[in-house]
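Chemist: what's the 3D shape of this:
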Amino acid sequence: MWSLTGALGVVGVPTAAACRPKPLLVSSSLLPKQTKKLHLSPQQQPLSLSSSQFSSSSSFRTAATSVEQQSDTKGESTKFYFLVANAKFMLDEEEHFQEQLFERLRYYGENEKELDFWLVIEPKFLEKFPKITQRLRRPAVALVSTNGPWITFMKLRLDRVLADSFEATSLDEALAFTPTTLEFDKPKNWVAPYPKYEPGWWETFLPKAKQESVA
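Modeler: Have a look, this model is predicted:
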């Protein structure tokens, strides 16, 4: 290295090594990332579902099959929960009841859930509950389900109903009923800003063996 002396003093002259171009450094974060290709073994292949599993006919599956299978394989009974009131109140006067049932039906359909609740007109299991039947006006209607917490919620929602539970070895036994004709008088003066629910709306929730109802 050599220097020049001038009016301003000594000026350093860079050496040849210092004048060599330095390699360009690039951050690794700016480089494209390498993608590893994963190979699945036959046991790890993704599960494929056929479209038939989600056909429209399976939108509302009944819980009857699962209840019957449980009774047949284990020889055990299934617990059913219910709330009950007179038919006039449940089906003709309490409008929130209809809204709750159809909303739950919609939810079950959208989520492919098994139907686990039914309406039973004049259910035969009431014979096991004399204290309840003494307080009921007839004909009576029961909401029956295998979902105990939901029945508790519905009891709090409707208020003027009675609730209990029982066991049955089959769905047919649990939902057995006495054929009954329902007749409700139309109100003379309907003052609500919306039309009254059409008679027979409850038939959607009756057991498979359709129960008789006449408006």
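Chemist: tell me which strands and helices the helix or strand containing Tyr81 is in contact with?
Modeler: Secondary-structure element containing Tyr81, defined by DSSP states H and E: strand 78-86. Contact partners of strand 78-86 among helices and strands, from 3 or more C-beta pairs under 8 Å, 6 or more residues apart in numbering; DSSP states H and E: helix 64-74, strand 140-145, helix 148-158, strand 162-168, helix 171-174. Any C-beta I mention is one placed from the backbone N, CA and C, and that applies to glycine too.
Chemist: Mean neighbour count, these: which tops it?
Modeler: Scoring the helices and strands packed on strand 78-86 by mean neighbour count under mean count of other C-beta atoms under 10 Å gives strand 140-145 as the most buried, with a mean of 24.
Chemist: Run through who's touching the longest helix along the chain.
Modeler: For the chain, the helix with the greatest residue count under DSSP state H is helix 95-110. Applying C-beta atoms under 8 Å, 6 or more residues apart in numbering, the set of residues contacting helix 95-110 from outside is 59-60, 90-91, 113-115, 117, 119, 143, 150, 154, 157-158, 197, 201-202, 204-205.
Chemist: can you do 7 Å?
Modeler: Outside of helix 95-110, the residues within contact range by C-beta atoms under 7 Å, 6 or more residues apart in numbering are 59-60, 90, 115, 154, 157-158, 197, 201, 205.
Chemist: ok, now stretch 190-210?
Modeler: 91, 95, 98, 101, 118-120, 175, 184, 187, 213, 215.
Chemist: Pass me the low-pLDDT residue ranges in this structure, would you?
Modeler: 1-75, 194, 209-215 (pLDDT under 70).
Chemist: Bridged to the nearest residue to Leu136 once chain neighbours are set aside, which residues?
Modeler: Counting by C-beta to C-beta, 6 or more residues apart in numbering, the nearest residue to Leu136 once its immediate chain neighbours are dropped is Asn86, at 6.1 Å. Taking DSSP bridges as the rule, Asn86 bridges to Ala140.
Chemist: do you know how far Asn86 is from Ala174?
Modeler: 21 Å (C-beta to C-beta, to the nearest Å).
Chemist: Can you list the buried residues in stretch 184-200?
Modeler: Using 16 or more other C-beta atoms under 10 Å as the test for burial, stretch 184-200 gives Pro199.
Chemist: Can we start the residue count at 45 from this point?
Modeler: Yes, from this point I'll number from 45; that puts the last item at stretch 228-244.
Chemist: just to revisit the earlier point, quick check: angle from the strand holding Tyr125 to strand 184-189?
Modeler: On the basis of axes from the mean of the first three to the mean of the last three C-alpha atoms, to 10 degrees, strand 122-130 is oriented at 150 degrees to strand 184-189.
Chemist: For strand 122-130, give me every contacting residue.
Modeler: By C-beta under 7 Å, 6+ apart, strand 122-130 touches 111, 114-115, 170, 176, 180-182, 184-190, 192, 195, 198-199, 202, 204-212, 218.
Chemist: still on that earlier bit, format the contacts of helix 139-154 as TSV; extra columns: distance to Glu120.
Modeler: What follows is the contacts of helix 139-154, written out as TSV (distance: C-beta to C-beta, whole Å):
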residue	distance to Glu120
Ser103	29
Phe104	26
Met134	31
Leu159	21
Met198	26
Arg201	31
Leu202	31
Tyr241	39
Trp245	35
Phe249	26
